[in-house]
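Q: Generate a structure from the sequence data that follows.
(one chain, ligands or ions: 1)
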Amino acid sequence: MEQTKFVLSEKDMPRQWYNLAADLPHPPLPPLGPDGNPVNPEQLRPVFPDNLIEQEMSAERWIDIPEEILEIYSLWRPSPLYRARRLEKALGTPARIYFKNEGVSPAGSHKPNTAVAQAYYNKEFGIKRLTTETGAGQWGSALSFACSLLGLECKVFMVRISFEQKPFRRLMMQTWGGNCVPSPSNETQSGRDILAKMPDTPGSLGIAISEAVEQAVTDKSGQTRYSLGSVLNHVMLHQTIIGQEAKKQLELAGEKKVDAVIGCAGGGSNFAGLSFPFIADKINGAEIDIIPVEPTSCPTLTKGPYAYDFGDVAGMTPLLAMHTLGHEFVPPPIHAGGLRYHGMAPLVSQAVKHGLMTPLALDQLECYESAVKFARTEGFISAPETSHAVAATIREALKAKEEGKEKVILFNWSGHGLMDLKGYELFFEGHLDNYPLPDEEIAKSTACLKDFPTPEL
Ligand SMILES: Cc1ncc(COP(=O)(O)O)c(C=O)c1O
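A: Numbers count the residues shown, from 1 in each chain. The predicted structure is shown next:
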């Protein structure tokens, strides 16, 4: 029988995270405070615990993973690497397609890799409660799961459109003890302000972040901190266990080289987790196409300028150097809720600026078609976010067929879509549309950026 799964044992789990900041051609540009100067750790202390601030600013190439985190990771890690032989056959491609299955975690996606780490470091620092935002609900579920294992309280502001589309995600959070409310909510000043201006808003990650940060920094007990599921350097760092495992597994599969590494990109974390260890190889001369995939309705990397911008709508975060569509941009209500974010991780954005990656934007319908093809060949039902990576992989595999090349393609199967079947139903009934973002809209939503400093690399 041909081998389909490449599995590592728990003792082969990587013991360190990889920090791309150590290897980029230019050191990462610092976040800026309200005075236009780089923020210092002191300014971040009301928001994050000191140990995570240290990781956020670290230039160390390797950071040890604490034993307690490894023990929790061992509930589902190392995650299996699959060879998608049935998809290859259906496409008639000479390409060999591999996918890293991050859907095997308890919450169903890659998100627990950082949720567990963040809950652990907050607990170590004496924090009792975390606040956060969630788009599709994957991150809120992951943090609720992590908090339940580490004994912390968890409060989740869930983007309203997803709260309505995905009631079972809310119930998952509740099962793990998380408290989830739709955002914008009446619980925070930023939520109330937005509801007064736009009572029918579908919400956005940017709005939910404002609410979660506000609730953390206004807790007078000092025992609440905020936790972000993507974008920040320490989140990218925690996810790099994915790419490190994948490298070992490709070796097990007998592959000497990979030609394309693909992941969907919302805030950038699953993509970074898979690709950063391969970018290190690329910086050292390997020829690899590294492809972050985003929706045409929220084309941050493909159409947004590289600029300093807030990470949230209300401007509570420092200014981050990133590709952005402007912090007030509210993306159309596509089903890939986790990809509806106006910005992109500074480390991913900078790697794009350095020419280390080639971003791609795809329409929602192509992604659903691809996810259905994947389900009907490989069996697994993809999260709508993940369907973007599936669609880009199918494009690459068909290109290899046209060129008659035996390429090796690796993608991150970032999560399952078993809680996202409503989107599939609407797709089957023909009710879904593409929402490519018109250039005039981008010009409007990015107009605010002219007031901010320009990042110089
Ligand atoms: C399954 C899945 N994939 C991808 C993403 C996008 O986030 P990121 O770009 O941080 O990986 C999300 C976010 O919610 C998600 O749930």
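Q: switch to C-alpha atoms for all contacts and neighbour counts from now on
A: Fine.
Q: need the residues of the stretch 351-457 of the chain near the ligand, please.
A: Contact residues (C-alpha under 6 Å from any ligand atom) of the stretch 351-457 of the chain with the ligand: Ala383, Glu385, Thr386, Ser414, Gly415.
Q: Would you mind giving the residues you listed as TSV with distance to Ala90, secondary structure and pLDDT added?
A: Converted to TSV, those look like this (distance: C-alpha to C-alpha, whole Å; DSSP: H, G, I helix; E, B strand; the rest coil; pLDDT from 0 to 100):
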residue	distance to Ala90	secondary structure	pLDDT
Ala383	21	coil	97
Glu385	23	coil	97
Thr386	20	helix	98
Ser414	22	coil	98
Gly415	22	strand	98
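Q: Out of those residues, flag the one nearest to Thr317.
A: Among these, Glu385 lies closest to Thr317 (C-alpha to C-alpha), at 25.0 Å.
Q: Show me which residues of the stretch 51-200 of the chain are close to the ligand?
A: Residues of the stretch 51-200 of the chain lying close to the ligand by C-alpha under 6 Å from any ligand atom are Ser109, Gly135, Ala136, Gln138, Trp139.
Q: End to end on stretch 282-294, go ahead and measure it.
A: One end of stretch 282-294 sits 22 Å from the other (C-alpha to C-alpha, to the nearest Å).
Q: For stretch 434-444, buried residues please.
A: Neighbour counts over stretch 434-444 (16 or more other C-alpha atoms under 10 Å) mark Tyr435, Pro436, Leu437, Ile442 as buried.
Q: Just flag the most distant two among the residues of the stretch 51-200 of the chain next to the ligand.
A: The span of those, defined through C-alpha to C-alpha, is set by Ser109 and Gly135 at 13.3 Å.
Q: Tell me where the stretch 151-300 of the chain has strands.
A: Secondary structure of the stretch 151-300 of the chain, counting by DSSP state E, counting those that start in this stretch: strands at 153-159, 179-183, 224-226, 260-264, 289-295.
Q: Now that we have the ones you listed, can you turn them into TSV and tack on mean pLDDT and mean neighbour count?
A: Output for the strands of the stretch 151-300 of the chain, formatted as TSV (pLDDT from 0 to 100; neighbours: other C-alpha atoms under 10 Å):
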stretch	mean pLDDT	mean neighbour count
strand 153-159	97	27
strand 179-183	97	23
strand 224-226	98	25
strand 260-264	99	29
strand 289-295	98	26
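Q: got the contact list for the residue positioned nearest the centre of the chain?
A: Closest to where the C-alpha atoms of the chain average out (C-alpha atoms, centre = their mean) is Ser269, at 3.5 Å. Neighbouring residues of Ser269 by C-alpha atoms under 8 Å, 6 or more residues apart in numbering: Gly229, Ser230, Val231, Val235, Met236, Gln239, Ala345.
Q: and with 7 Å instead?
A: Contact partners of Ser269, counting by C-alpha atoms under 7 Å, 6 or more residues apart in numbering, are Ser230, Val231, Val235, Met236, Gln239.
Q: The last one reaches Gly273, doesn't it?
A: Yes. Between Gln239 and Gly273 there is a contact under C-alpha atoms under 7 Å: 4.1 Å.
Q: List the buried residues in the lowest-mean-pLDDT helix or strand in the chain.
A: Using mean pLDDT, DSSP states H and E, helix 160-165 stands out as the lowest-scoring helix or strand of the chain, at a mean of 89. Using 16+ other C-alpha under 10 Å as the test for burial, helix 160-165 gives Arg160, Ile161, Ser162, Phe163, Gln165.
Q: Now the last one: closest residue in space, sequence neighbours ignored.
A: Once its chain neighbours are removed from consideration, Gln165 has its nearest residue in Lys422; the separation is 7.1 Å (C-alpha to C-alpha, 6 or more residues apart in numbering).
Q: if I look at that neighbour, how far off is the ligand?
A: Noted for Lys422: a distance of 15 Å to the ligand, by C-alpha to the nearest ligand atom, to the nearest Å.
Q: Burial check on that residue, number of neighbours?
A: 14 (other C-alpha atoms under 10 Å).
Q: Check it and give its pLDDT.
A: pLDDT recorded at Lys422 is 91.
Q: Same check on Gln215?
A: With respect to pLDDT, Gln215 scores 97.
Q: Return the residues in contact with it.
A: If you count contacts by C-alpha under 7 Å, 6+ apart, then Gln215 has Thr188 around it.
Q: swap in Pro202?
A: By C-alpha under 7 Å, 6+ apart, Pro202 lies in contact with Arg160, Ile161.
Q: Next, find the distance separating it from Arg45.
A: Distance, Pro202 to Arg45, by C-alpha to C-alpha: 31 Å.
Q: Then Lys401?
A: Distance from Lys401 to Arg45, by C-alpha to C-alpha: 52 Å.
Q: ok, now His238?
A: The gap separating His238 from Arg45 is 20 Å, by C-alpha to C-alpha.
Q: try Lys89
A: The gap separating Lys89 from Arg45 is 53 Å, by C-alpha to C-alpha.
Q: repeat for Tyr368
A: Tyr368 is 42 Å from Arg45, by C-alpha to C-alpha.
Q: More neighbours: which of the two?
A: Each of Tyr368 and Arg45 has its neighbours counted (other C-alpha under 10 Å); Tyr368 has more, 26 against 14.
Q: The more buried one: helix or strand, and which one exactly?
A: Using DSSP states H and E, Tyr368 falls within helix 364-378.
Q: Pull the residues that contact that helix.
A: With C-alpha under 7 Å, 6+ apart as the criterion, helix 364-378 contacts Ala84, Arg86, Leu87, Pro295, Ile381, Ser382, Ser387, His388, Val390, Ala391, Asp433, Asn434.
Q: cool, stretch 234-250 as well?
A: 6-7, 14, 17-19, 52, 55-56, 78, 81, 100, 113-114, 229, 269-270, 272-277.
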